[in-house]
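> using only what follows, build the 3D model:
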Amino acid sequence: MFNWIIIVAIAIWVYAITVLKRAKLDFWYFTLGSAGLFTAAIITLQPILLMPMQNAIAAVSGLLGELTGTYSSYFEKGLLFISHGATNLSLYIDFECSGIIETFAFLALLWFFPAYQYYEKIAVSIIGIISIFMANVLRIFIICQMIYWGGENMYFLAHSIVGRLVFYACTIALYFYVFTKAQVVRQKVGAFRYDSHS
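Predicted coordinates for the structure are as follows:
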């Protein structure tokens with residue numbers, strides 16, 4: 001029953017955005033299109049992609065931990081283990097830490113953003129996915145370093161404040177280059193013409 005509801009909802013959404021596109025209601029096309037694509041991705045793709053993304057984040061973050069000798073990774077379970085002095089702490093890469101919400105939000109906005117051609121959207125999607133992934137790896141690495149050197153008492157500051165600030169600073173930079181800068185560079189602002197009178 002639930003699958004039929006999803007299929008009907010997606011069909012209605014597709015019809016609605018085609019109507020908005022034909023009517024040239026760009027704002028509503030972008031808004032409804034992005035929101036609908038994000039919702040559809042969360043409902044249909046998130047259960048499939050969550051575990052692989054968690055494992056990938058744990059694996060790449062774990063490589064940095066192994067290189068620095070500060071923590072180890074059990075990526076098959078999405079776990080990072082920090083052991084230093086009196087500190088013995090396991091970090092689980094959960095739904096929030098996977099970056100799946102941010103990745104889906106970026107892709108949903110990008111695919112209804114009018115400044116890019118189709119082939120450009122494919123290239124920018126790949127760059128965006130990699131950028132969000134690496135920003136998340138950097139965030140996890142910084143969290144682990146702060147806990148390793150500062151102890152378990154550093155967990156709240158590292159995870160809830162510093163880690164999020166780093167991740168969202170990287171995400172804002174990505175959004176600036178992909179959306180704001182592209183819109184400014186590509187918008188039509190008119191031209192100057194000098195007439196010569198003979």
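
> in the protein, which spans are strands?
Counting by DSSP state E, the chain has these strands, from start to end: 71-74, 79-84, 87-92.

> pick the most buried one from those strands.
strand 71-74 (a mean of 20; mean count of other C-beta atoms under 10 Å). For glycine as for every other residue, the C-beta is placed from the backbone atoms N, C-alpha and C.

> and that one, how far from the chain's centre?
24 Å (C-alpha atoms, centre = their mean, to the nearest Å).

> who are the packing partners of that strand?
Using 3 or more C-beta pairs under 8 Å, 6 or more residues apart in numbering; DSSP states H and E as the contact test, the elements touching strand 71-74 are helix 46-68, strand 79-84.

> just to revisit the earlier point, make CSV from the strands of the chain and add mean pLDDT to it.
Shown next, in CSV, are the strands of the chain (pLDDT from 0 to 100):
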stretch, mean pLDDT
strand 71-74, 93
strand 79-84, 92
strand 87-92, 90
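
> nearest to Gly33, out of these?
Among the strands of the chain, strand 87-92 comes nearest to Gly33, with 34.4 Å by C-beta to C-beta.

> list the helices and strands that closest one packs on?
Packing contacts for strand 87-92, counted by 3+ C-beta pairs under 8 Å, 6+ apart, involve strand 79-84, helix 118-150.

> any idea how far Leu32 is from the closest residue to Glu76 other than its chain neighbours?
Among residues not flanking Glu76 along the chain, Asn55 sits closest, at 6.6 Å (C-beta to C-beta, 6 or more residues apart in numbering). Noted for Asn55: a distance of 34 Å to Leu32, by C-beta to C-beta, to the nearest Å.

> what do you get for Leu20?
6 Å.

> the nearest residue to Ser73 once chain neighbours are set aside: neighbour count?
Take Ser73 and drop its neighbours on the chain: the residue closest to it by C-beta to C-beta, 6+ apart is Gly62, 2.1 Å away. The local packing of Gly62 (other C-beta atoms under 10 Å) involves 22 other residues.

> same check on the one 3 residues further on?
Close neighbours of Gly65, defined as other C-beta under 10 Å, add up to 22.

> and if you look at the one 10 residues further on?
A count of nearby residues for Phe75, using other C-beta under 10 Å, gives 19.

> pretty sure it contacts Met53?
No. Counting by C-beta atoms under 8 Å, Phe75 stays clear of Met53, with 11.4 Å between them.

> neighbours around the residue lying closest to Ala40 once chain neighbours are set aside, how many?
Spatial nearest neighbour of Ala40, excluding adjacent residues (C-beta to C-beta, 6+ apart): Ile10 at 5.8 Å. Neighbour count of Ile10, defined by other C-beta under 10 Å: 16.

> skipping its backbone neighbours, what lies nearest Glu66 in space?
Ser72 (6.6 Å).

> beta partners of the one you found?
Phe81 (DSSP bridges).

> for the helix or strand of the chain with the lowest mean pLDDT, which outside residues touch it?
In the chain, no helix or strand scores lower on mean pLDDT, DSSP states H and E than helix 181-186, which sits at a mean of 74. Applying C-beta atoms under 8 Å, 6 or more residues apart in numbering, the contact partners of helix 181-186 are Phe113, Ala115, Tyr116.
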